[in-house]
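> Dropping the sequence and predicted coords here.
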There are 2 protein chains.
Amino acid sequence: MYQINDNYQKLPGSYLFSTIAKKVAAFTEANPDKSVIRLGIGDVTQPIAPAIIQALHKAVDEMADAASFHGYAPDLGHEFLRHAIAENDYKKRGCSISEDEIFVSDGAKSDSGNIQELFDVNCKIAVTDPVYPVYVDSNVMAGRCGVYDSDSQTWSNVIYMPCTRENHFIPEFPKETPDIIYLCIPNNPTGTTIPKTKLQEWVDYANEKGAVIIYDAAYEAYITQEDVAHSIYECMGADRCAIEIRSFSKNAGFTGVRLGFTVVPKVLTCNGVSLHAMWARRHGTKYNGAPYIIQRAGEAVYSEAGQAQLKEQVAYYMKNASVIKEGLSAAGYEVYGGVNAPYIWLKTPGQMSSWEFFDELLEEANVVGTPGSGFGPSGEGYFRLTAFGSYENTVAALERIRNL
Amino acid sequence: MYQINDNYQKLPGSYLFSTIAKKVAAFTEANPDKSVIRLGIGDVTQPIAPAIIQALHKAVDEMADAASFHGYAPDLGHEFLRHAIAENDYKKRGCSISEDEIFVSDGAKSDSGNIQELFDVNCKIAVTDPVYPVYVDSNVMAGRCGVYDSDSQTWSNVIYMPCTRENHFIPEFPKETPDIIYLCIPNNPTGTTIPKTKLQEWVDYANEKGAVIIYDAAYEAYITQEDVAHSIYECMGADRCAIEIRSFSKNAGFTGVRLGFTVVPKVLTCNGVSLHAMWARRHGTKYNGAPYIIQRAGEAVYSEAGQAQLKEQVAYYMKNASVIKEGLSAAGYEVYGGVNAPYIWLKTPGQMSSWEFFDELLEEANVVGTPGSGFGPSGEGYFRLTAFGSYENTVAALERIRNL
């Protein structure tokens, strides 16, 4: 008899956002008259920008004609998109990342879930706590995390780096040396960030200890402060220790369009083995590229019109962030984030647990947020709200919360 | 120091189609005056059908308006697409597969590469030989295949089931009992198939031995003979032992559009553990769905207009298959396949190896095919041509081959 990968059995409950979706579905079914405002899952609400819509239509028309039809994409992605990425996201910021170090994909979630495959099963991961659940869960599935302790809500073989108000949400170097370090900056879920000087310290630490950094920069478009790096490759020596994962979901509203990319520098090696070659092999073997028309949409993100329209879209969401942050502060809540990121991280009132506050918010204010404890043990007592709703809904949600 | 997954180091050379792409690129660069006809990689050439183009444009317009914009898709895929699949691919054929047993994805290559994650690392796989390289390579990466012997071109821990002219390309039950059996019917690369009665024997064998079948039905649209099953779920008991992977690449020309799905029946369990629940967990954790607009394109595949247009497209390619098959036969080649599949499998002339024939065909006829040995040791001495070129190119390629 065949056997299953029993690491899956170790995972407690279901994926965080699936659980929330089920809870909200149950509530709306039981209360069909209530209008629920969703500031939970981090899904965007603004439509795709006109310049991108135009590019999509044009690409669709190309697919209708044998002369301009596109079949399988090149393994790394279409050159026009990789060129636009290299120029705009890297060369303009002084990072020497070339087109053939960029791997186009269907999104940052897939890449951040799949990247762990390149590493030995005995590698030990370190994560900030709280953290985007995919990093840990994908490593659990691969058998790297040991066993789960439901009391402490921690895995026996994961190094947690708490980020709380006590340390201003800045992770400290762990006592035990990790092999793989996951960093998401600006941070999901806390909405906080670290200055470039601090990030340089992490790069130096990784190079000194022989660790690899998986750097999730999905929220870089929301950075407003000068001293925050948009890419880890702005730091000296990062190309020797870091893989960077990027998304189009939040800067261009592509949550339902699906596009992302991962940068694996050619100089990044482990005992002489090129991680670039390994990731290329994985791409070639287990993936067949993002759709041609979606890659053209990605290219349009970098057009002059696209950039102008998306700057407005980001500003729209950051205005929501201000509404939430200022509104909650005025109502006496303790709030963090929302300056360089579209997330607001709040301390739950009184001694409420994250899920207690989730339930109260859903039932009394009909507002959906995300319980901080769903992101890790140090998230207990915190709660995440996103700025990705419409302005009207955001204002309405704040009014409801203040009336609690 | 972190360590890599050294299973990747065991993989010989590069992915088959990457190697071919590089060889062809080198040839065209050295011979810019030569017009190369590609009947190699299995990429389609006909444009996307009008009904699908219309659906794509409509979906793009929906994304331009906040009221009709779609963000993250439901974990399993949009209900409208899963409904169309369940109705058309299953209910109409008498298979009791429900909407929530269908997982929409970006294509059969990703799914056939990822599905092995559900199984224990000690499971032993059985593959037909020759075989689509992804099945074996993805298991090598996971550490299931043992070591590679370059003389025999086999993996020490893989069960090979030779499919050659000697056994009419019908795999026999292996001597050693496998845990996971990969079957691709109609077959890539041989273009041959097995009758439903034979497939039923495989289902019975799997249920009796406690094996799971990974059934790749990517080419079912090309079936012309009545006694060939379009889905493994046409066989009794298949829902207790089989996972079916389907593609839109060949039936609808989606190689550059990217869409597929995998069926995991709810009754499929291993020691009481639901494989459906495991795959749902993987989808929820490491994937974020196919693009909304592409899922709408998939829905249009099943519309009345879409079905009529795609029937013509399939007929177009099958006419090419006839051209190749009859042309090669008339030229004295020994040919197989091409009746229920868009692939022609030919015996190389004389004692030529597959790669020798590849080189001769590329250099002398400027035609690209795929060496049979790239699909496994029993593919040595065979060669694959695809029917996915344009009719004009197919006729021209045959003319060139006959003049060799």
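Yep, it's here.
> make it CA atoms for all contacts and neighbour counts henceforth
OK.
> how about the helices of chain A, start to end?
With helices called from DSSP state H, chain A shows them at A:7-10, A:16-30, A:50-63, A:79-85, A:108-114, A:133-141, A:196-209, A:275-286, A:292-301, A:304-330, A:354-360, A:391-402.
> Residue B:352: which of the ones you listed is closest?
Of all the helices of chain A, it is helix A:275-286 that lies closest to residue B:352, at 28.0 Å by Cα to Cα.
> hmm, back to that, now, of the helices of chain A, which is deepest in the fold?
helix A:292-301 (a mean of 25; mean count of other Cα atoms under 10 Å in any protein chain shown).
> Next, the angle from it to helix A:50-63.
150 degrees (axes from the mean of the first three to the mean of the last three Cα atoms, to 10 degrees).
> For beta bridges, what are the partners of residue A:274?
Assessed by DSSP bridges, residue A:274 has beta-bridge partners residue A:269.
> Counting neighbours, what do you get for residue A:251?
20 (other Cα atoms under 10 Å in any protein chain shown).
> what separates it from chain B, distance-wise?
13 Å (Cα to the nearest Cα, to the nearest Å).
> Skipping adjacent residues, who's closest to that residue in space?
Using Cα to Cα, 6 or more residues apart in numbering or on different chains and skipping the chain neighbours, the partner closest in space to residue A:251 is residue A:221 (5.6 Å).
> Isn't that neighbour up against residue A:314?
Yes: assessed by Cα atoms under 8 Å, residue A:221 is found in contact with residue A:314 at 7.4 Å.
> Mind listing the shared neighbours of the two?
Counting by Cα atoms under 8 Å, 6 or more residues apart in numbering or on different chains, the common neighbours of residue A:221 and residue A:314 are residue A:251.
> can I get the helices of chain A in JSON lines with mean pLDDT and distance to residue A:265?
As requested, the helices of chain A are arranged in JSON lines below (pLDDT from 0 to 100; distance: least, Cα to Cα, whole Å):
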{"stretch": "helix A:7-10", "mean pLDDT": "97", "distance to residue A:265": "31"}
{"stretch": "helix A:16-30", "mean pLDDT": "90", "distance to residue A:265": "32"}
{"stretch": "helix A:50-63", "mean pLDDT": "98", "distance to residue A:265": "29"}
{"stretch": "helix A:79-85", "mean pLDDT": "98", "distance to residue A:265": "14"}
{"stretch": "helix A:108-114", "mean pLDDT": "98", "distance to residue A:265": "15"}
{"stretch": "helix A:133-141", "mean pLDDT": "97", "distance to residue A:265": "21"}
{"stretch": "helix A:196-209", "mean pLDDT": "98", "distance to residue A:265": "14"}
{"stretch": "helix A:275-286", "mean pLDDT": "96", "distance to residue A:265": "6"}
{"stretch": "helix A:292-301", "mean pLDDT": "98", "distance to residue A:265": "21"}
{"stretch": "helix A:304-330", "mean pLDDT": "98", "distance to residue A:265": "26"}
{"stretch": "helix A:354-360", "mean pLDDT": "96", "distance to residue A:265": "39"}
{"stretch": "helix A:391-402", "mean pLDDT": "96", "distance to residue A:265": "40"}
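> Quick one: closest of those helices to residue B:213.
Shortest distance between residue B:213 and these, using Cα to Cα, is found for helix A:275-286: 19.0 Å.
> Now do that closest one against helix B:16-30: the angle between them, please.
110 degrees.
> Report all helices and strands that helix A:275-286 contacts.
In terms of contacts (3 or more Cα pairs under 8 Å, 6 or more residues apart in numbering or on different chains; DSSP states H and E), helix A:275-286 is packed against helix B:108-114, helix B:133-141.
> Need those helices in CSV (columns: distance to residue A:373).
As requested, the helices and strands packed on helix A:275-286 are exported to CSV (distance: least, Cα to Cα, whole Å):
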stretch, distance to residue A:373
helix B:108-114, 30
helix B:133-141, 34
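> among those, which is nearest residue A:266?
Residue A:266 lies closest, by Cα to Cα, to one member of the helices and strands packed on helix A:275-286: helix B:133-141, at 20.8 Å.
> Spell out whether the closest one and chain A are in contact.
Yes: residues of helix B:133-141 contacting chain A under Cα under 8 Å from any Cα of the partner chain: B:134, B:137, B:138.
> what residues does that helix touch?
Contacts to helix B:133-141, defined as Cα under 8 Å, 6+ apart, come from residues A:285-286, B:5, B:7-8, B:10-11, B:15-16, B:109, B:112-114, B:116, B:127, B:145-146, B:182, B:374-376.
> how many neighbours does the residue of the stretch 301-404 of chain A found nearest chain B have?
Among the residues of the stretch 301-404 of chain A, residue A:390 lies closest to chain B, at 9.2 Å counting by Cα to the nearest Cα. Residues within reach of residue A:390, counting by other Cα under 10 Å, total 19.
> do residue A:224 as well
12.
> Around chain B, which positions in the stretch 101-250 of chain A sit nearby?
Taking Cα under 8 Å from any Cα as the measure of proximity, the stretch 101-250 of chain A contacts chain B at A:107, A:109-114, A:117-121, A:123, A:134, A:137-138, A:179-180, A:209-212.
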